[in-house]
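**Student:** only the shape, not the letters, is given here:
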(Lines give C-alpha, C1' and ligand atoms only; values in the text may rest on other atoms or scores of the structure.)
Protein backbone atom coordinates (compact mmCIF):
# COMPACT_ATOMS: atom_id res chain seq x y z
CA UNK A 1 0.00 0.00 0.00
CA UNK A 2 2.84 2.39 0.83
CA UNK A 3 4.34 1.97 -2.63
CA UNK A 4 0.96 2.68 -4.26
CA UNK A 5 0.48 5.84 -2.17
CA UNK A 6 4.00 7.01 -2.98
CA UNK A 7 3.40 6.35 -6.67
CA UNK A 8 0.16 8.35 -6.63
CA UNK A 9 1.86 11.24 -4.83
CA UNK A 10 4.75 11.19 -7.30
CA UNK A 11 2.45 11.36 -10.32
CA UNK A 12 0.35 14.08 -8.65
CA UNK A 13 3.48 16.15 -8.04
CA UNK A 14 4.56 15.76 -11.67
CA UNK A 15 1.12 16.86 -12.90
CA UNK A 16 1.17 19.95 -10.67
CA UNK A 17 4.68 20.92 -11.79
CA UNK A 18 3.71 20.26 -15.39
CA UNK A 19 0.70 22.56 -15.18
CA UNK A 20 2.69 25.24 -13.32
CA UNK A 21 5.37 25.15 -16.01
CA UNK A 22 2.74 25.65 -18.73
CA UNK A 23 1.02 28.46 -16.79
CA UNK A 24 4.14 30.39 -15.82
CA UNK A 25 5.98 30.14 -19.13
CA UNK A 26 2.92 30.59 -21.38
CA UNK A 27 4.42 28.03 -23.73
CA UNK A 28 2.35 27.28 -26.83
CA UNK A 29 0.35 24.04 -26.80
CA UNK A 30 1.82 23.39 -30.25
CA UNK A 31 5.22 23.07 -28.60
CA UNK A 32 4.26 21.36 -25.36
CA UNK A 33 0.65 20.42 -24.52
CA UNK A 34 -0.94 20.97 -21.12
CA UNK A 35 -2.26 18.05 -19.03
CA UNK A 36 -5.86 18.82 -20.04
CA UNK A 37 -4.87 18.71 -23.73
CA UNK A 38 -3.37 15.26 -23.17
CA UNK A 39 -6.53 14.07 -21.40
CA UNK A 40 -8.66 15.27 -24.32
CA UNK A 41 -6.30 13.63 -26.81
CA UNK A 42 -6.47 10.38 -24.84
CA UNK A 43 -10.27 10.51 -25.00
CA UNK A 44 -10.13 11.09 -28.75
CA UNK A 45 -7.67 8.27 -29.34
CA UNK A 46 -9.60 5.87 -27.13
CA UNK A 47 -13.00 6.53 -28.73
CA UNK A 48 -12.41 7.46 -32.38
CA UNK A 49 -8.72 7.01 -33.06
CA UNK A 50 -6.39 9.75 -34.28
CA UNK A 51 -8.12 12.26 -36.52
CA UNK A 52 -6.40 12.43 -39.91
CA UNK A 53 -4.49 9.20 -39.28
CA UNK A 54 -3.86 6.63 -42.00
CA UNK A 55 -5.20 4.02 -39.56
CA UNK A 56 -8.81 4.14 -38.29
CA UNK A 57 -8.04 1.96 -35.26
CA UNK A 58 -8.72 3.26 -31.72
CA UNK A 59 -5.99 3.32 -29.09
CA UNK A 60 -6.96 -0.01 -27.48
CA UNK A 61 -6.50 -1.80 -30.82
CA UNK A 62 -3.01 -0.33 -31.26
CA UNK A 63 -2.17 -1.39 -27.68
CA UNK A 64 -3.43 -4.94 -28.28
CA UNK A 65 -1.43 -5.27 -31.51
CA UNK A 66 1.75 -3.98 -29.83
CA UNK A 67 1.33 -6.34 -26.87
CA UNK A 68 0.80 -9.34 -29.16
CA UNK A 69 3.96 -8.49 -31.09
CA UNK A 70 5.86 -7.89 -27.88
CA UNK A 71 4.91 -11.17 -26.22
CA UNK A 72 5.57 -13.14 -29.42
CA UNK A 73 9.11 -11.76 -29.71
CA UNK A 74 9.90 -11.67 -26.00
CA UNK A 75 8.67 -15.20 -25.21
CA UNK A 76 10.62 -16.55 -28.19
CA UNK A 77 13.73 -14.80 -26.82
CA UNK A 78 13.11 -16.25 -23.35
CA UNK A 79 12.60 -19.83 -24.56
CA UNK A 80 15.52 -19.88 -27.01
CA UNK A 81 17.78 -17.78 -24.79
CA UNK A 82 17.36 -19.98 -21.72
CA UNK A 83 17.39 -23.20 -23.76
CA UNK A 84 20.60 -22.39 -25.62
CA UNK A 85 22.07 -20.85 -22.48
CA UNK A 86 21.61 -24.10 -20.56
CA UNK A 87 23.16 -26.04 -23.43
CA UNK A 88 26.16 -23.77 -23.99
CA UNK A 89 26.71 -23.32 -20.26
CA UNK A 90 26.98 -27.08 -19.88
CA UNK A 91 29.62 -27.36 -22.61
CA UNK A 92 32.25 -24.64 -21.98
CA UNK A 93 34.43 -25.81 -24.88
CA UNK A 94 31.63 -25.31 -27.42
CA UNK A 95 30.79 -21.94 -25.85
CA UNK A 96 34.41 -20.80 -26.23
CA UNK A 97 33.98 -21.14 -30.00
CA UNK A 98 30.50 -19.56 -30.12
CA UNK A 99 31.21 -16.69 -27.71
CA UNK A 100 33.35 -14.56 -30.10
CA UNK A 101 30.52 -14.58 -32.65
CA UNK A 102 28.00 -13.61 -29.97
CA UNK A 103 30.21 -10.77 -28.78
CA UNK A 104 30.42 -9.38 -32.31
CA UNK A 105 26.64 -9.55 -32.87
CA UNK A 106 25.53 -8.45 -29.39
CA UNK A 107 26.55 -4.74 -29.60
CA UNK A 108 24.73 -4.22 -32.91
CA UNK A 109 21.49 -2.31 -32.31
CA UNK A 110 18.49 -4.48 -33.29
CA UNK A 111 17.08 -1.73 -35.51
CA UNK A 112 20.26 -1.91 -37.63
CA UNK A 113 18.91 -5.22 -38.97
CA UNK A 114 15.62 -3.61 -40.00
CA UNK A 115 16.52 -3.02 -43.71
CA UNK A 116 17.42 -6.70 -44.12
CA UNK A 117 14.35 -7.87 -42.21
CA UNK A 118 12.01 -5.75 -44.33
CA UNK A 119 13.70 -7.00 -47.52
CA UNK A 120 13.37 -10.62 -46.43
CA UNK A 121 9.87 -10.69 -44.94
CA UNK A 122 8.28 -7.38 -45.98
CA UNK A 123 6.30 -5.09 -43.71
CA UNK A 124 3.76 -6.14 -41.09
CA UNK A 125 4.08 -7.96 -37.77
CA UNK A 126 7.22 -10.00 -38.44
CA UNK A 127 9.80 -7.15 -38.54
CA UNK A 128 8.69 -5.79 -35.15
CA UNK A 129 8.64 -9.31 -33.64
CA UNK A 130 12.15 -10.03 -34.94
CA UNK A 131 13.47 -6.73 -33.54
CA UNK A 132 11.95 -7.55 -30.11
CA UNK A 133 13.45 -11.06 -30.26
CA UNK A 134 16.95 -9.77 -31.06
CA UNK A 135 16.74 -7.15 -28.29
CA UNK A 136 15.88 -9.75 -25.65
CA UNK A 137 17.78 -12.80 -26.87
CA UNK A 138 21.42 -11.87 -26.25
CA UNK A 139 21.06 -10.63 -22.62
CA UNK A 140 19.08 -13.74 -21.67
CA UNK A 141 21.42 -16.14 -23.45
CA UNK A 142 24.67 -14.72 -22.04
CA UNK A 143 23.27 -14.34 -18.53
CA UNK A 144 22.02 -17.96 -18.53
CA UNK A 145 25.40 -19.23 -19.73
CA UNK A 146 27.16 -17.24 -17.00
CA UNK A 147 24.74 -18.47 -14.34
CA UNK A 148 25.21 -22.13 -15.31
CA UNK A 149 29.00 -21.88 -15.51
CA UNK A 150 29.19 -20.24 -12.06
CA UNK A 151 27.07 -22.84 -10.26
CA UNK A 152 28.53 -24.48 -7.19
CA UNK A 153 30.24 -27.73 -8.37
CA UNK A 154 28.56 -29.46 -5.43
CA UNK A 155 25.29 -29.55 -7.38
CA UNK A 156 26.91 -31.56 -10.16
CA UNK A 157 28.67 -33.93 -7.77
CA UNK A 158 25.45 -34.71 -5.90
CA UNK A 159 23.64 -35.32 -9.21
CA UNK A 160 26.39 -37.72 -10.30
CA UNK A 161 26.25 -39.59 -7.00
CA UNK A 162 22.52 -40.14 -7.43
CA UNK A 163 22.91 -41.12 -11.08
CA UNK A 164 20.79 -38.23 -12.37
CA UNK A 165 20.90 -37.87 -16.13
CA UNK A 166 22.22 -34.68 -17.76
CA UNK A 167 18.85 -33.46 -19.06
CA UNK A 168 17.16 -34.00 -15.69
CA UNK A 169 20.04 -32.28 -13.91
CA UNK A 170 19.76 -29.22 -16.14
CA UNK A 171 16.00 -28.83 -15.75
CA UNK A 172 15.47 -29.84 -12.12
CA UNK A 173 18.73 -28.75 -10.47
CA UNK A 174 20.78 -26.32 -12.55
CA UNK A 175 17.91 -24.15 -13.79
CA UNK A 176 16.33 -23.59 -10.33
CA UNK A 177 19.77 -22.97 -8.81
CA UNK A 178 20.59 -20.34 -11.45
CA UNK A 179 17.10 -18.81 -11.44
CA UNK A 180 17.97 -15.70 -9.42
CA UNK A 181 20.55 -14.58 -11.97
CA UNK A 182 18.41 -15.57 -14.95
CA UNK A 183 15.32 -13.69 -13.74
CA UNK A 184 17.41 -10.51 -13.51
CA UNK A 185 18.31 -10.86 -17.17
CA UNK A 186 14.63 -11.47 -18.01
CA UNK A 187 13.69 -8.15 -16.42
CA UNK A 188 16.48 -6.30 -18.23
CA UNK A 189 15.56 -7.97 -21.52
CA UNK A 190 11.90 -7.07 -21.00
CA UNK A 191 12.73 -3.37 -20.69
CA UNK A 192 15.06 -3.45 -23.70
CA UNK A 193 12.56 -5.38 -25.81
CA UNK A 194 9.76 -2.95 -24.95
CA UNK A 195 11.93 -0.01 -26.02
CA UNK A 196 12.78 -1.62 -29.34
CA UNK A 197 9.15 -2.63 -29.92
CA UNK A 198 8.40 1.06 -30.47
CA UNK A 199 11.46 1.45 -32.72
CA UNK A 200 10.45 -1.60 -34.74
CA UNK A 201 6.89 -0.35 -35.21
CA UNK A 202 8.05 3.06 -36.39
CA UNK A 203 9.36 1.45 -39.57
CA UNK A 204 7.45 -1.08 -41.61
CA UNK A 205 4.23 -1.19 -39.55
CA UNK A 206 0.77 0.22 -40.16
CA UNK A 207 -0.44 -0.25 -36.60
CA UNK A 208 0.82 -0.35 -33.03
CA UNK A 209 2.09 2.24 -30.58
CA UNK A 210 5.31 2.95 -32.47
CA UNK A 211 3.31 3.57 -35.64
CA UNK A 212 0.97 5.84 -33.66
CA UNK A 213 3.97 7.89 -32.46
CA UNK A 214 5.06 8.54 -36.03
CA UNK A 215 1.49 9.15 -37.19
CA UNK A 216 0.91 11.71 -34.43
CA UNK A 217 4.09 13.50 -35.51
CA UNK A 218 3.02 13.48 -39.16
CA UNK A 219 -0.42 14.85 -38.21
CA UNK A 220 1.24 17.66 -36.20
CA UNK A 221 -0.52 16.54 -33.01
CA UNK A 222 1.86 17.01 -30.06
CA UNK A 223 -1.01 16.31 -27.63
CA UNK A 224 -1.63 12.90 -29.21
CA UNK A 225 2.13 12.26 -29.43
CA UNK A 226 2.62 12.92 -25.71
CA UNK A 227 -0.44 10.79 -24.93
CA UNK A 228 1.03 7.80 -26.77
CA UNK A 229 4.41 8.32 -25.08
CA UNK A 230 2.74 8.26 -21.65
CA UNK A 231 0.76 5.13 -22.59
CA UNK A 232 4.00 3.42 -23.62
CA UNK A 233 5.60 4.35 -20.29
CA UNK A 234 2.65 3.15 -18.21
CA UNK A 235 2.49 -0.16 -20.09
CA UNK A 236 6.23 -0.63 -19.54
CA UNK A 237 5.71 -0.09 -15.81
CA UNK A 238 2.88 -2.64 -15.76
CA UNK A 239 4.98 -5.21 -17.62
CA UNK A 240 7.86 -4.75 -15.17
CA UNK A 241 5.43 -5.16 -12.26
CA UNK A 242 4.07 -8.34 -13.86
CA UNK A 243 7.50 -9.94 -14.17
CA UNK A 244 8.27 -8.97 -10.57
CA UNK A 245 5.11 -10.81 -9.46
CA UNK A 246 6.09 -13.86 -11.53
CA UNK A 247 9.58 -13.75 -10.00
CA UNK A 248 8.12 -13.74 -6.48
CA UNK A 249 5.73 -16.58 -7.27
CA UNK A 250 8.42 -18.80 -8.83
CA UNK A 251 10.86 -18.13 -5.98
CA UNK A 252 8.13 -19.00 -3.50
CA UNK A 253 7.44 -22.30 -5.23
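**Tutor:** That came through, no problem. Since the model is a prediction, treat every value here as computed from it, not as a measurement.
**Student:** from here on, contacts and neighbour counts on C-alpha atoms
**Tutor:** Will do.
**Student:** can you give me the strands in this protein?
**Tutor:** Secondary structure of the chain (DSSP state E): no strands present.
**Student:** where in it is pLDDT low?
**Tutor:** The chain contains residues with pLDDT under 70 at 1, 29-30, 204, 253.
**Student:** which residues does the residue nearest in space to the middle of it contact?
**Tutor:** With distances taken as C-alpha atoms, centre = their mean, residue 194 lies nearest the centre of the chain, 2.5 Å away. The contact partners of residue 194, by C-alpha atoms under 8 Å, 6 or more residues apart in numbering, come to 70, 132, 236.
**Student:** tell me who's in contact with the second one.
**Tutor:** Right, the one you point to is residue 132. So residue 132 contacts 70, 73-74, 110, 193-194, 196-197, 200 (C-alpha under 8 Å, 6+ apart).
**Student:** for residue 58, give me phi and psi.
**Tutor:** phi -70, psi 170 (degrees, to the nearest 10).
**Student:** how many residues are close by the closest residue to it other than its chain neighbours?
**Tutor:** Nearest non-adjacent residue to residue 58, counting by C-alpha to C-alpha, 6 or more residues apart in numbering: residue 49, 4.0 Å away. Residue 49 has 22 neighbours, counted by other C-alpha atoms under 10 Å.
**Student:** ok, residue 49 - contacts?
**Tutor:** Listed by C-alpha under 8 Å, 6+ apart, the contact set of residue 49 reads 55-59.
**Student:** residue 22: neighbour count?
**Tutor:** As a burial measure, residue 22 scores 17 neighbours (other C-alpha under 10 Å).
**Student:** nearest spatial neighbour of it, skipping sequence neighbours?
**Tutor:** Distance criterion C-alpha to C-alpha, 6+ apart; nearest residue to residue 22, sequence neighbours excluded, is residue 34 at 6.4 Å.
**Student:** surely that neighbour meets residue 18?
**Tutor:** Yes. Here residue 34 reaches residue 18: they are 7.4 Å apart, a contact under C-alpha atoms under 8 Å.
**Student:** more neighbours: which of the two?
**Tutor:** Between residue 34 and residue 18, counting by other C-alpha under 10 Å, residue 34 is the more crowded of the two (21 against 14).
**Student:** distance check, the residue of the chain positioned farthest from its centre against residue 174.
**Tutor:** Distance from the centre of the chain peaks at residue 161, with 41.5 Å (C-alpha atoms, centre = their mean). Note on residue 161: its distance to residue 174, by C-alpha to C-alpha, to the nearest Å, is 15 Å.
**Student:** repeat that for residue 39.
**Tutor:** Counting by C-alpha to C-alpha, the separation of residue 39 from residue 174 is 50 Å.
**Student:** more crowded one of these two?
**Tutor:** Here residue 39 and residue 174 are compared on neighbour count by other C-alpha under 10 Å; more neighbours surround residue 174, at 22 against 14.
**Student:** make TSV from the contacts of residue 194 and add distance to residue 165 to it.
**Tutor:** Shown next, in TSV, are the contacts of residue 194 (distance: C-alpha to C-alpha, whole Å):
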residue	distance to residue 165
70	36
132	35
236	40
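**Student:** which ones among these are found in helices?
**Tutor:** 70, 132, 236 (DSSP state H).
**Student:** what's the burial count for the nearest residue to residue 247 once chain neighbours are set aside?
**Tutor:** Among residues not flanking residue 247 along the chain, residue 183 sits closest, at 6.9 Å (C-alpha to C-alpha, 6+ apart). Residue 183: 20 surrounding residues under other C-alpha under 10 Å.
**Student:** against residue 144, how distant is residue 183?
**Tutor:** Residue 183 is 9 Å from residue 144, where distance means C-alpha to C-alpha.
**Student:** now swap in residue 77 and tell me
**Tutor:** To residue 144, residue 77 is 12 Å away according to C-alpha to C-alpha.
**Student:** ok, residue 234 next?
**Tutor:** 29 Å.
**Student:** again, but for residue 111
**Tutor:** Distance from residue 111 to residue 144, counting by C-alpha to C-alpha: 24 Å.
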